[in-house]
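Q: what follows is a protein structure lacking sequence information:
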Ligand SMILES: [Zn+2]
């Protein structure tokens, strides 16, 4: 399940390293100020309130997802991966039905949501928060800022809820996320909510078959990009 106490606060630490290089001002340092430096400037620009990557209502980041907006109280505006690096997928289990997840993530009082929800019966994927934005799902601000959260319908103590259709659809989604942000398809970059530091949640639980899931993620074929071009990193 998703949760982040106090997740609504906006805060960001400044970057020191590039500034230190600039004030150092040596020829060697300046010679290194290429692509990475421009990326940092763009990152700083997107951290200024009011500056955000343009987005279109209803657009999805995963071509096979349907869109249903979460309440704005359950996530915060960002411009990932320009302002925050995305380097994790966090796997959740809802402890409830697909319909319950859609309902509570639309509820401003819930104070939490994931980017995606996957249905047991047919693997239907619903996107509720853009990957550009920080969803409150991991119970850890740093993880929220750099991860994409996926909820799966079902209960941690009911292995029958984890159907082949759900695993398959989720694996395609996770593989697509890994490809779009150049993440290795491994357990360092694909973690359970229970593995997030400080998390007091146990999902996805002991019946989540990580070996099978990782194998499916690694075997997943590329998914066509959404027609809108969405959140594909541009450089
Ligand atoms: Zn969770």
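A: Good, I have the coordinates. Keep in mind the model is a prediction, meaning the values are calculated, not measured.
Q: for the lengthiest helix in the chain, packing partners?
A: Counting residues, the longest helix found in the chain (DSSP state H) is helix 164-180. Helices and strands touching helix 164-180, by 3 or more C-beta pairs under 8 Å, 6 or more residues apart in numbering; DSSP states H and E, are strand 88-93, strand 116-118, strand 125-127, strand 147-152, helix 210-219. (C-beta placed from N, C-alpha, C; glycine too.)
Q: got a list of what the residue most central in space within the chain touches?
A: Nearest to the mean C-alpha position of the chain, by C-alpha atoms, centre = their mean, lies residue 148 at 1.0 Å. Residues in contact with residue 148 (C-beta atoms under 8 Å, 6 or more residues apart in numbering) are 86, 88-90, 115-116, 131, 177.
Q: quick revisit: after the longest helix of the chain, next one along is what?
A: Using DSSP states H and E, the next helix or strand after helix 164-180 towards the C-terminus is strand 190-192.
Q: report the buried residues of that next one.
A: Neighbour counts over strand 190-192 (16 or more other C-beta atoms under 10 Å) mark 190-192 as buried.
Q: so what does it touch, helix or strand wise?
A: With contacts taken as 3+ C-beta pairs under 8 Å, 6+ apart, strand 190-192 sits against strand 88-93, helix 210-219.
Q: among these, which is the most enclosed?
A: Counting by mean count of other C-beta atoms under 10 Å, strand 88-93 has the highest mean neighbour count of the helices and strands packed on strand 190-192, with a mean of 25.
Q: give me the angle between that strand and strand 147-152.
A: Interaxial angle, strand 88-93 versus strand 147-152 (axes from the mean of the first three to the mean of the last three C-alpha atoms, to 10 degrees): 20 degrees.
Q: strand partners (parallel or antiparallel) of strand 88-93?
A: strand 147-152 (parallel), strand 190-192 (parallel) (DSSP bridges).
Q: tell me which of these approaches the ion most closely.
A: strand 147-152 (7.1 Å; C-beta to the ion).
Q: can you tell me the average pLDDT over the closest one?
A: Strand 147-152 carries an average pLDDT of 98.
Q: those residues of this protein touching the ion, which are they?
A: Within the chain, the residues that sit near the ion (C-beta under 5 Å from the ion) are 1, 92, 193, 201, 203.
Q: who wins on neighbours among these?
A: residue 193 (28 neighbours; other C-beta atoms under 10 Å).
Q: that one: what's it in contact with?
A: 1, 90-92, 137-139, 199, 201-204.
Q: could you redo the last one with a cut-off of 6 Å?
A: With contact set as C-beta atoms under 6 Å, 6 or more residues apart in numbering, residue 193 has these partners: 90, 92, 199, 201, 203.
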